[in-house]
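**Student:** 3D model of this:
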Amino acid sequence: MTTLERAIEVYGKDMQLNVAIEEFSELIKEICKHKRGEDNRDNIIEEIADCSIMMEQLQIIFGIEDDDIIRIYNEKLDRLEERLAEQESNQ
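**Tutor:** Predicted coordinates:
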């Protein structure tokens, strides 16, 4: 059993969902501080790491495989590329 699986087992799925929400909101808060001019790069790095850990736990909780995410990720990246190309051609 991995550390992340153990965390879910020990603390429970519901608690880890709450922690995920908290971690994502902490990242949002740090981004807002940056936009207001604060030099908080290290805090942003820390919150991204926390969010990455929680995203892995979300995959475990919801039974989501890496391949599922990679497929959707690539589809969204392709769509972004298309929108960028369209935007650039309109300039």
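**Student:** quick check: the gap between the residue nearest to R41 when sequence neighbours are not counted and Y73.
**Tutor:** Spatial nearest neighbour of R41, excluding adjacent residues (Cβ to Cβ, 6 or more residues apart in numbering): H34 at 7.9 Å. Placement of C-beta: from N, CA and C, glycine included. Separation of H34 from Y73 (Cβ to Cβ, to the nearest Å): 25 Å.
**Student:** and the two? Which one has more around it.
**Tutor:** Each of H34 and Y73 has its neighbours counted (other Cβ atoms under 10 Å); H34 has more, 14 against 11.
**Student:** got the contact list for that one?
**Tutor:** Contacts here follow Cβ atoms under 8 Å, 6 or more residues apart in numbering; on that basis H34 touches 40-41, 44.
**Student:** and the strands in this protein, which stretches?
**Tutor:** Read by DSSP state E, the chain holds no strands at all.
**Student:** re earlier: among the contacts of H34, which lie within helices?
**Tutor:** 41, 44 (DSSP state H).
**Student:** tell me which of the contacts of H34 is nearest to E26?
**Tutor:** I44 (10.0 Å; Cβ to Cβ).
**Student:** residue contacts, the closest one?
**Tutor:** Contacts of I44 by Cβ under 8 Å, 6+ apart are 27, 30-31, 34.
**Student:** if you set the cut-off to 10 Å instead, what comes out?
**Tutor:** Counting by Cβ atoms under 10 Å, 6 or more residues apart in numbering, I44 makes contact with 27, 30-31, 33-34, 38.
**Student:** can you count the residues close to the residue nearest to V19 when sequence neighbours are not counted?
**Tutor:** In space, V19 comes closest to M54 once its chain neighbours are excluded; the distance is 6.4 Å by Cβ to Cβ, 6+ apart. Counted with other Cβ under 10 Å, the neighbours of M54 add up to 22.
**Student:** re earlier: which among the contacts of I44 count as buried?
**Tutor:** Neighbour counting with 16 or more other Cβ atoms under 10 Å marks 27, 30 as buried within these.
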